[in-house]
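Chemist: got a sequence here, can you build the structure:
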Amino acid sequence: DKAGEKKKQEGKLTREQCEELMAFLRTALDTRLSDVDTTTRLVDSPAIVSEHDSAVTRRMMQMEEFKALGISKPSGHKLLINPSHPLIIELHKVRNDRPAVAKLVAEQLMDNAMIAAGILDHVQSMMPRLTSILKSALTHDDVESPPSAGGGG
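Modeler: Numbering: from 1, shown residues only. Now for the predicted structure:
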């Protein structure tokens, strides 16, 4: 029926909305990812990271011997977003109205996906961002970007 179909569409971004959000994420997370796409594999998670180096490979790349060979840059991460997740739907809605908050949420979304994949080495770097996000949630104000603490990974 039409009511059921409308409700189903309300709970998921359209392809056009996905394209808009992916363009925003590419800009907001410019240096942190190689690409962003949608996936239907996720149920409870808003996003996952794919195409990443293992922890062992990343640590080897940090070793002086590899740096001496000019091998020090880990491959980029591909972010896969769940167009049905409430966080992704809300991020699409606020990206233009509250761009500072949307950027912080995008960065945290990326870090959460990296933590879930076991590839975020310096979790302390996200503490100022988390504080800003919490403040924004409690005050409903736009936030100031926190001081950078190393880029988060």
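Chemist: just the C-alphas of the helix ranked longest in the chain, formatted as CSV.
Modeler: Looking across the chain with DSSP state H, the single longest helix is helix 99-117. Coordinates of each C-alpha in helix 99-117 appear next as CSV, following Å, rounded to 0.1, in the frame of the first residue of the first chain:
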residue,chain,number,x,y,z
PRO,A,99,27.8,22.7,8.9
ALA,A,100,30.2,22.9,11.9
VAL,A,101,28.2,20.2,13.7
ALA,A,102,27.8,18.1,10.6
LYS,A,103,31.6,18.2,10.0
LEU,A,104,32.3,17.1,13.6
VAL,A,105,29.7,14.3,13.3
ALA,A,106,31.3,13.2,10.0
GLU,A,107,34.7,13.1,11.6
GLN,A,108,33.4,11.1,14.5
LEU,A,109,31.5,8.8,12.2
MET,A,110,34.8,8.1,10.4
ASP,A,111,36.6,7.5,13.7
ASN,A,112,33.9,5.2,15.0
ALA,A,113,34.1,3.1,11.8
MET,A,114,37.9,3.0,12.2
ILE,A,115,37.6,1.9,15.8
ALA,A,116,35.2,-0.8,14.8
ALA,A,117,37.7,-2.0,12.2
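Chemist: so the helix or strand that comes right after it versus helix 99-117, what angle?
Modeler: Following helix 99-117 in sequence order, the next helix or strand is helix 127-139 (DSSP states H and E). For helix 127-139 against helix 99-117, the angle by axes from the mean of the first three to the mean of the last three CA atoms, to 10 degrees is 120 degrees.
Chemist: tell me which residues in helix 127-139 are buried?
Modeler: Neighbour-count burial for helix 127-139 flags 129, 132-133, 136 (criterion: 16 or more other CB atoms under 10 Å). Bear in mind the C-beta positions are built from the backbone N, C-alpha and C, glycine included.
Chemist: and stretch 16-33, by the same measure?
Modeler: 18, 21-22, 24-25, 28-29, 32-33.
Chemist: circling back: okay, buried residues for the longest helix of the chain please.
Modeler: 101-114.
Chemist: helices and strands around it, which ones?
Modeler: Of the remaining helices and strands, those touching helix 99-117 by 3 or more CB pairs under 8 Å, 6 or more residues apart in numbering; DSSP states H and E are helix 15-28, strand 47-50, strand 77-81, helix 86-97, helix 127-139.
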